[in-house]
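> show me how the following folds:
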Amino acid sequence: MNFLEAISELETQSQIIEALESVLDTYGFDYYGVIRQPKASEDPLSLVLAGRWPEGWPARYMEKKYVLIDPTIRYLGHARKGFSWAEAIPAFQSDPSRRRMQRMMVDAMKFGLESGYIFPIHGRRGLLGNLSVGGKHVQLSPSEMLLYDAMAKIVFWRLLELTDPLINEELSSAVDVQLTRREMEALSYLADGMTSNEIASVLKLSNHTVDWYMNALQIKLKAKNRHHAVAIAFRLGLIS
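As a prediction, this is how the structure comes out:
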């Protein structure tokens, strides 16, 4: 609580990191990372706003391409609040990569990452990043989980504001996309998996008119195709 009250008065990146690490040390978390959500083409290590990991673990993580199957990161995409690392594996019982996930978690333990928690940071554009904390086993109460959720959000935005003001403004700015009622209807049905023929039937329009709406959507959202338009719309919060 003291940290949450004081962070707005901290003026530098080093001050915020020092205060954050003080809280984590008090709870017994040896390691942590405040990380922006990477796109498929981005190196996750280049998006770390602050972190302290076991020596050799980041290199090992990248060498084994764990980012592709990391159960905590995959589970993060569906999470609305913080969760323990242990909650992630059971969610992928029938996943073909389950054994690789289990091997990754065993590998992490060898580096001292025995257990931990991860807290998502969401914005108008969807999942923007996370705070991950870990080390030896630490049990957080429900009320402490809520406080860590709040801390994750505040730390993420303050660090982003100080380290990359342009990205901070881009991610926190209002969405400036104006869609007509018909375009929104077409977009919603497209997100539900409908074809142009099916959308035309529901809206009682011609296929040509529906295609015209789809082209307009792609232009306004700067999308490469219809699937890309749906993905962008989800990130912008236009559909859910």
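
> which residues of the protein fall in helices?
2-6, 13-27, 57-63, 71-76, 98-110, 142-163, 165-172, 181-191, 196-203, 207-221, 226-236 (DSSP state H).

> ranking those by burial, who's on top?
helix 71-76 (a mean of 20; mean count of other C-beta atoms under 10 Å). Backbone N, C-alpha and C define where each C-beta goes, glycine included.

> what lies in contact with that helix?
Helix 71-76 has contacts (C-beta atoms under 8 Å, 6 or more residues apart in numbering) with 67, 83, 85, 87-89, 91-92, 101, 104-105, 118, 120, 127, 130, 132.

> tell me which two of these sit farthest apart.
Farthest pair in those (C-beta to C-beta) is Met105 and Leu127. Separation: 21.6 Å.

> returning to that earlier point: mean pLDDT lowest for which of the helices of the chain?
With a mean of 61, helix 165-172 has the lowest mean pLDDT of these.

> for the residue nearest to the spatial centre of the chain, give me its contacts.
The residue lying closest to the centre of the chain (C-alpha atoms, centre = their mean) is Leu127, at 3.5 Å. Leu127 makes contact with Gln37, Leu76, Gly77, Pro120, Ile121, according to C-beta under 8 Å, 6+ apart.

> can you list the helices of the chain in CSV and add distance to Leu47?
Below are the helices of the chain laid out as CSV (distance: least, C-beta to C-beta, whole Å):
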stretch, distance to Leu47
helix 2-6, 23
helix 13-27, 15
helix 57-63, 12
helix 71-76, 12
helix 98-110, 20
helix 142-163, 10
helix 165-172, 10
helix 181-191, 27
helix 196-203, 37
helix 207-221, 24
helix 226-236, 16
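
> which of those helices sits closest to Gly33?
helix 57-63 (9.1 Å).

> quick one: contacts of that closest one?
Everything outside helix 57-63 that qualifies as a contact, by C-beta under 8 Å, 6+ apart, is Asp43, Pro44, Leu45, Tyr66, Val67, Asp107, Ala108, Phe111, Leu113.

> which of these lies closest to Met145?
Nearest to Met145 among the contacts of helix 57-63, with distances taken as C-beta to C-beta, is Leu113, at 19.2 Å.
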